[in-house]
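1. what would the 3D arrangement of this be:
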Amino acid sequence: MRNEISEKYMVSPYFVSILLYVSIVGVGILNFERKLILNAGYNAWISVILTGISMHIILWMMYKMLSSTSDGQEIITLNKTLFGNVFGNILNSAVVFYFVYGAFLKFKIYLGLIQVNMFPVMNILPMSISIALIIYYTLFGGFRSVAGISFWATLISFASIIPQIVLTLPFLHPLNLLPLLNHSATEIFLSSKTMVFEYLGLETLLIFFPFIKTPAKSQKWAHSMMILITMIYLMVLIIAIMFFSEDQLRHSIWPTMDMLSIFEVPLLQRLEYFFISIWFIKMIAGICIYLWVACRGMKTAFHIGQRSSLIVFLIAIVTINYLIKDQRSIEWVSNLYSPVGFYFIYAYIPFMFVCMLIRKRLTHSAK
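-> Numbering: from 1, shown residues only. Now for the predicted structure:
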């Protein structure tokens with residue numbers, strides 16, 4: 001609970017925007033365009049806007065739910081409060097596994113990107129172990145270390161997006177956006193459902209919420225960052241639509257990387273290598289947040305030390321990553337995680353929100 005956390009472990013309210021950005025925007029921004037147009041074609045930009053609006057509603061629910069108690073409980077404690085120790089801890093186990101699964105997916109997709117674009121014949125195990133050690137070292141410093149690396153990851157990420165926009169401008173074909181509305185509402189809805197995967201990470205707020213100083217002041221920062229994230233996704237998608245034909249975009253595994261690969265700049269023969277390399281810190285920060293909330297969940301729910309659970313999680317991630325090697329398996333793992341995240345966002349969080357409202361009214365009635 002909030003009163004058990006020393007202020008020296010907390011971060012300022014504006015850090016919520018940084019933590020949410022790093023949690024949400026990951027390697028998926030490099031290939032989400034292909035998945036998004038499968039249902040809605042070039043009208044998929046509408047799906048980005050609709051999904052972004054729905055995320056604001058979910059974010060509002062999360063703040064109302066987490067702020068409904070005077071001591072600022074996070075989701076692990078709320079599960080126990082609402083459903084008791086037995087069923088509450090069953091839910092908590094599922095929540096912890098969900099975040100570990102998300103961390104593994106970020107880990108696997110980034111290493112897959114390195115293999116496809118940089119080192120196709122390299123043994124991935126030594127690199128996996130090296131990355132795991134870096135993650136352990138980062139998390140060893142606690143939540144403020146995670147917030148610090150997230151700050152630098154955000155700066156680097158923005159620095160890499162701006163040159164991409166500038167370089168692609170001469171090659172864009174705005175007429176690709178037409179006609180504007182030639183897909184049904186059902187197709188746009190299915191595309192929106194696919195887009196939810198790119199917003200997963202928002203739910204990390206459910207656990208790091210008590211580590212925010214004056215969390216009520218952080219809500220405006222969270223909503224502002226959600227607007228910015230939606231604008232980034234929308235901008236990257238529209239650029240890809242104007243750059244590729246629809247058939248090209250459907251068959252490109254990494255559309256954003258393919259756009260970068262045609263550019264030549266002084267001193268750099270392959271520009272995409274540069275972007276993959278500088279996104280390393282962004283990937284590390286995203287995995288660290290997921291694993292930190294998972295380890296924090298283990299400590300709160302089961303009183304297991306965060307370092308002990310972290311070691312177990314990292315060993316599991318490196319081992320499973322070594323066993324899953326081909327691109328088809330990576331897509332299968334991603335496709336399995338996507339519906340789980342969809343129901344976590346649109347079913348579990350609203351359900352908990354309603355339960356907290358009922359509990360609050362019953363408490364007031366009893367008084």
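
2. chain neighbours aside, what residue packs nearest to residue 275?
-> Using CB to CB, 6 or more residues apart in numbering and skipping the chain neighbours, the partner closest in space to residue 275 is residue 160 (5.4 Å). For the C-beta atoms, the positions are set from N, CA and C on the backbone; glycine is no exception.

3. residue contacts, that neighbour?
-> If a contact means CB atoms under 8 Å, 6 or more residues apart in numbering, then residue 160 has 275, 278-279 as its contacts.

4. can you flag which of those residues belong to helices?
-> Residues of those located in helices (DSSP state H): 275, 278.

5. looking at the contacts of residue 160, which is nearest residue 228?
-> Minimum distance to residue 228 across the contacts of residue 160 is 18.0 Å, recorded for residue 279 (CB to CB).

6. so where's the stretch 201-350 of the chain shaky on pLDDT?
-> 263-271, 327 (pLDDT under 70).

7. can you give me the helices in it?
-> With helices called from DSSP state H, counting those that start in this stretch, the stretch 201-350 of the chain shows them at 205-208, 219-243, 246-251, 255-261, 271-278, 280-302, 306-323, 327-343, 349-366.

8. out of the ones you listed, flag the one nearest residue 191.
-> Nearest to residue 191, of the helices of the stretch 201-350 of the chain and by CB to CB, is helix 219-243 at 10.5 Å.

9. that closest one packs against which elements?
-> helix 15-24, helix 32-40, helix 44-66, helix 143-168, helix 255-261 (3 or more CB pairs under 8 Å, 6 or more residues apart in numbering; DSSP states H and E).

10. can you pull the buried residues of it?
-> With burial defined by 16 or more other CB atoms under 10 Å, the residues of helix 219-243 counted as buried are 219, 221-223, 225-226, 229-230, 232-234, 236-243.

11. residue 311: neighbour count?
-> 14 (other CB atoms under 10 Å).

12. can you check residue 143 too?
-> Neighbour number of residue 143 under other CB under 10 Å is 22.

13. residues contacting the nearest residue to it once chain neighbours are set aside?
-> Excluding its sequence neighbours, the residue lying closest to residue 143 (CB to CB, 6+ apart) is residue 211, at 5.3 Å. Shown in contact with residue 211 (CB under 8 Å, 6+ apart): 5, 9-11, 143.

14. can we see that at 10 Å?
-> Going by CB atoms under 10 Å, 6 or more residues apart in numbering, residue 211 touches 2, 5, 7, 9-11, 15-16, 19, 72, 74, 142-144, 146-147, 292, 296.

15. and residue 334, by the same measure?
-> Contacts of residue 334 (CB under 10 Å, 6+ apart): 28, 31, 35, 105, 108-109, 112, 197.

16. let's see 8 Å
-> Going by CB under 8 Å, 6+ apart, the list of residues near residue 334 reads 105, 109, 197.

17. from residue 184, how far off is it?
-> As judged by CB to CB, to the nearest Å, residue 334 and residue 184 stand 26 Å apart.

18. buried ones among the contacts of residue 211?
-> Looks like the contacts of residue 211 have 2, 10-11, 15-16, 19, 72, 74, 143, 146-147, 292, 296 buried, using 16+ other CB under 10 Å.

19. can you get me a residue count around the closest residue in space to residue 242 that isn't next to it in sequence?
-> If the residues on either side of it in the chain are set aside, residue 242 comes closest to residue 172, at 3.9 Å by CB to CB, 6+ apart. Residues near residue 172, counting by other CB under 10 Å, number 16.
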